[in-house]
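> Give me a model of this one.
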Amino acid sequence: MLVSSSRKRRREQPAPYDTLAGWNELPTSPLPKQTGQSSKPRRRPKPAEKSTAAPRPARPRTPRTRAQRIRQVITALFVIFFVLPTLLLGLAYWSAEIPDPAAVQTNQIATILAADGTSVIAKVVPPEGNRIPVPLTDVPEPVRLAMLSAEDRNFYSNPGFSTAAFARAARDNLLGKEDAGGGSTITQQYVKNAFLSSERTLSRKMRELIISAKMSREWSKDDILAAYLNTIYYGRGAYGISAAAKAYFGKPVPELTVAEGAVLASVVRTPSLLDPETHLDQLRARWTYVLDGMVTMGALTKNDRAAVQFPVIVPATQMDDSIPRGPEGLIRTQVLRELRSSGISEQELNTGALQIITTIDARAQQAALNAVGTVMGGQPGELRTAVVSVDPRSGAVRAYYGGPDGIGMDFAQAPLQTGSAFKTFAVLAALQQGITMSYPLDSAPVTVNGEKIQNVGGESCGTCPLSEAFKRSLNTSFYRLTQSLFEGPKAIANAAHQAGIPDQIPGVAGKSLSEDGAAPLPAIVLGAYSVRPIDMASAYATIGASGTYRAPYFVQKVTTGDGRVLLDRGADPQKGEQRIQAAVADTVSQAMLPIAAYSNNHNLAAGRPSAAKTGTTQLGDTGQNKDAWMVGFTPSLSTAVWVGTEQSQPIHTARGSAIYGSGLPSDIWKQTMDGALDGTPIEQFPNSNPLPGAPPASGNYDILNPAPGPAQDPVVVIPPAPAPRQVEIFPGLSIPVPG
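Here you go, the predicted model:
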């Protein structure tokens, strides 16, 4: 029965694929055919019935012992705190680049010289110090040993760093101590000063250690010591042992004694706290420590040590070559500006020991200084002056005085109103448009926008030629001349730009000689627009060079300490640019020949011909003067002189009289020109024939022999600009419209 029952159950069990559900269970891809087998799909085996047997129990996990856990923690800590740092240090050591000792450039003083190549004008001290390298062989051995005693007694045997010092620095940084990072070797100190910053951080200390270790392997100890001695700061503004020997003992390095070397080694640790003038006792104690250390090192016997006496230290001076306080400081500023514009980098300036030969003529410069001192001495303290001399044949600046303070305002670069000195450019413009010097001009008063323009003292020549009006500097005649010119004021501005007045003047917004870029006002002929003294000297030099413009410059030649030439303008003058027709420029020069003598007899010594023009401007409507000028030239030198104040105050002499261009400025101009040209050949201007329309030498007016009494050049009163026309754009809202 049991058997039949089992068979019955097997017969009743359906075939696996008899139903749709069974066909749905077919595999998604056909099975590969097997050789000798049927292609019919296989029947799936009957799923095995769940076993009723008890599951096998899982094997219990063995817990880690305490020792295993400790080993794992130690391993992790070892990887984190030893393996990884070691790998990082190795990578940092491998990537650190150490230059060759000969390639390391230290800061060195650049010297600015006059054109003669010997007269020192100023020095340029690098911001980080005045290091002048000396070879180690020039440093006496006792001085070297004194430094080792003070800073690193194991210098020649250590690997370039001190592990103890590094650990101490790490500890102190973690604790936030103020003096963290002390106790470095000489190699580390040099690396910090030459390659790293002075920040007190653990990362900086690690970099210091890595570079020091690698440098100690690649450099010799002597190279490191020499670099250190030439780099470290010794106090008193002295960087490097050469400057220190001069600052403390007034002698060169080879002459230092062991006692003096011990002083220099002592102050290195804390120069400000061991200055002999304020902390002599502390310095003596440190000095004793250094000498005793030399005995311990075997560098000094006890008997020799006992014989050493504390040396005499020279008093600290107030001189600082990095900040020239006199007028030469302003020349230094212009030289540095020109060096940068010429492509000489700050690194070359600071490390090249440059010899910078300028265009400044020592005699002309001294003449300008003497003239300023003589003429301005005893005058009111608020008066200021500027003097610039330019060579018309080259553009070289031969004399330069912008003020007495080397770090103060430079008035030679200050935009200032020129007054009648600007009329020269109106004459240029007139000649360029075919107007001759005989062109008749009315000198009667003229009214502009309700403002009456007249000449000083009511002077008038009636209707006289342009040459006469130019000599007398008649304001009314030149205002009418402006009205006669094509494009009037703009033509005068163009002529001034051709001569050398730049389009952009530092300190003057927008285009110069214009109304915010638009055409200038007619008052341009009276010097209403601001121009710098150096630009006036340059523009007049163009006229003196028969219309050839040459840009003014200060630097002639630059060489490095090792003889490389960075800049050389050569002996030949720059070619220049012919901006003004030679006949026009020479005619203007001829028209200006009598003016220096007419301006209170300021003609040059020995009958030397000169072309000049004075100028004076008035302070608003006060009736008092604020700017006074004298600008003039010979074929070899053009000089501009300005006298005024820093705050546009009324200018008076010590006696209270008003200052005109024919007064103090002309005095300075004549003395400067006479002193600069003394002993040089007397040169004549081209085309010395009398100008057409020039007045005869006899008659009611003799320009070379004026009537008794002081001559006054005209004071320029700038007429007001016309009020702008108002146009209503909305009801109740109007805007000004030019014209």
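> Which residue ranges of the stretch 501-650 of the chain form helices?
Using DSSP state H, counting those that start in this stretch, the helices of the stretch 501-650 of the chain run over residues 533-544, 582-592, 595-598.
> what about the helices in the stretch 201-350 of the chain?
For the stretch 201-350 of the chain, the helices defined by DSSP H, counting those that start in this stretch cover 202-218, 221-229, 241-249, 258-267, 280-297, 302-307, 328-341, 346-351.
> in the longest one, what counts as buried?
So that's helix 280-297. Neighbour-count burial for helix 280-297 flags 283, 286-287, 290-291, 293-294 (criterion: 16 or more other Cβ atoms under 10 Å). Bear in mind the C-beta positions are built from the backbone N, C-alpha and C, glycine included.
> which other residues reach that helix?
Helix 280-297 is contacted by residues 142, 145-146, 148-150, 153, 258, 262-263, 265-267, 269, 273-276, 300-302, 305, 308, 310 when judged by Cβ atoms under 8 Å, 6 or more residues apart in numbering.
> Tell me how many other residues crowd Val120.
Counted with other Cβ atoms under 10 Å, the neighbours of Val120 add up to 11.
> who's in contact with it?
Counted by Cβ under 8 Å, 6+ apart, Val120 has contacts 111-114.
> Check what contacts stretch 659-669 and list those residues.
368, 371-372, 375-376, 379, 383, 385, 387, 419-421, 596, 599-600, 602, 612, 614-616, 625, 628-632, 639, 641-643, 651-653, 710-713, 715.
> Pull the distance from it to the chain's centre.
Its chain's C-alpha centre and that of stretch 659-669 lie 34 Å apart, by Cα atoms, centre = their mean, to the nearest Å.
> how long is it end to end?
15 Å (Cα to Cα, to the nearest Å).
> Show me which residues of that stretch are buried.
Buried positions in stretch 659-669, judged by neighbour count with 16+ other Cβ under 10 Å: 659-669.
> Make TSV out of those residues and add secondary structure, distance to Ala509 and pLDDT.
TSV is the format used below for the buried residues of stretch 659-669 (DSSP: H, G, I helix; E, B strand; the rest coil; distance: Cβ to Cβ, whole Å; pLDDT from 0 to 100):
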residue	secondary structure	distance to Ala509	pLDDT
Ile659	coil	29	96
Tyr660	coil	30	94
Gly661	coil	27	95
Ser662	coil	32	94
Gly663	coil	32	96
Leu664	helix	31	97
Pro665	helix	27	98
Ser666	helix	32	97
Asp667	helix	34	98
Ile668	helix	30	98
Trp669	helix	30	98
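> Can you tell me how far the nearest residue to Arg217 once chain neighbours are set aside is from Glu141?
Of all residues not flanking Arg217 in the chain, Gly160 sits nearest, at 7.6 Å (Cβ to Cβ, 6 or more residues apart in numbering). According to Cβ to Cβ, to the nearest Å, Gly160 and Glu141 sit 22 Å apart.
> These two: which has the busier surroundings?
Gly160 (24 against 12).
> how much space is there between that one and Asn193?
15 Å.
> Single out the most deeply packed of the helices of the stretch 201-350 of the chain.
helix 258-267 (a mean of 26; mean count of other Cβ atoms under 10 Å).
> hang on, the earlier thing: ok, which of the helices of the stretch 201-350 of the chain comes nearest Asp405?
Closest to Asp405 of those is helix 328-341 (Cβ to Cβ; 7.4 Å).
> which other helices and strands contact that closest one?
With contacts taken as 3 or more Cβ pairs under 8 Å, 6 or more residues apart in numbering; DSSP states H and E, helix 328-341 sits against strand 110-113, strand 120-124, helix 346-351, strand 355-358, strand 397-401, strand 555-559.
> mind redoing it with 7 Å?
strand 120-124, strand 555-559 (3 or more Cβ pairs under 7 Å, 6 or more residues apart in numbering; DSSP states H and E).
> The ones you listed into CSV, with extra columns for distance to Asn107 and mean pLDDT?
Formatted as CSV, those follow (distance: least, Cβ to Cβ, whole Å; pLDDT from 0 to 100):
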stretch, distance to Asn107, mean pLDDT
strand 120-124, 11, 91
strand 555-559, 17, 96
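> ok now the one helix or strand Gly675 maps to, how far from the chain's centre?
With elements taken from DSSP states H and E, the one containing Gly675 is helix 664-677. Helix 664-677 sits 32 Å away from the centroid of its parent chain (Cα atoms, centre = their mean).
> Would you mind getting the angle between that helix and strand 397-401?
Interaxial angle, helix 664-677 versus strand 397-401 (axes from the mean of the first three to the mean of the last three Cα atoms, to 10 degrees): 140 degrees.
> quick one: low-confidence parts of the protein?
1-62, 85-106, 127-130, 162-183, 195-205, 317-323, 573, 688-739 (pLDDT under 70).
> Walk me through the domains of it.
131-307, 379-564+582-677 (automatic domain parsing).
> May I have stretch 400-413 exported as PDB, CA atoms only?
The C-alpha atoms that make up stretch 400-413 are tabulated as PDB, following Å, rounded to 0.1, in the frame of the first residue of the first chain:
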ATOM      1  CA  TYR A 400      68.700 119.600 -10.900                       C
ATOM      2  CA  TYR A 401      67.300 121.300  -7.800                       C
ATOM      3  CA  GLY A 402      63.800 120.500  -6.700                       C
ATOM      4  CA  GLY A 403      64.000 121.700  -3.100                       C
ATOM      5  CA  PRO A 404      66.200 121.400   0.000                       C
ATOM      6  CA  ASP A 405      64.600 118.200   1.400                       C
ATOM      7  CA  GLY A 406      65.600 114.900  -0.300                       C
ATOM      8  CA  ILE A 407      62.400 113.200   0.800                       C
ATOM      9  CA  GLY A 408      60.200 116.200   0.500                       C
ATOM     10  CA  MET A 409      58.200 117.800  -2.300                       C
ATOM     11  CA  ASP A 410      60.100 118.100  -5.600                       C
ATOM     12  CA  PHE A 411      59.100 121.400  -7.100                       C
ATOM     13  CA  ALA A 412      61.000 120.700 -10.300                       C
ATOM     14  CA  GLN A 413      58.200 118.100 -11.000                       C
END
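> For stretch 376-384, buried residues please.
Buried residues in stretch 376-384 (16+ other Cβ under 10 Å): 376, 379, 383-384.
> CA atoms only for that stretch - export them in CSV, please.
The C-alpha coordinates for stretch 376-384 follow below in CSV (Å, rounded to 0.1, in the frame of the first residue of the first chain):
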residue,chain,number,x,y,z
MET,A,376,67.4,132.8,-1.4
GLY,A,377,69.5,133.2,1.7
GLY,A,378,67.7,135.6,4.0
GLN,A,379,64.5,135.6,2.1
PRO,A,380,61.2,134.6,3.7
GLY,A,381,61.0,131.0,4.8
GLU,A,382,57.9,130.1,2.8
LEU,A,383,59.6,130.8,-0.5
ARG,A,384,60.5,127.7,-2.6
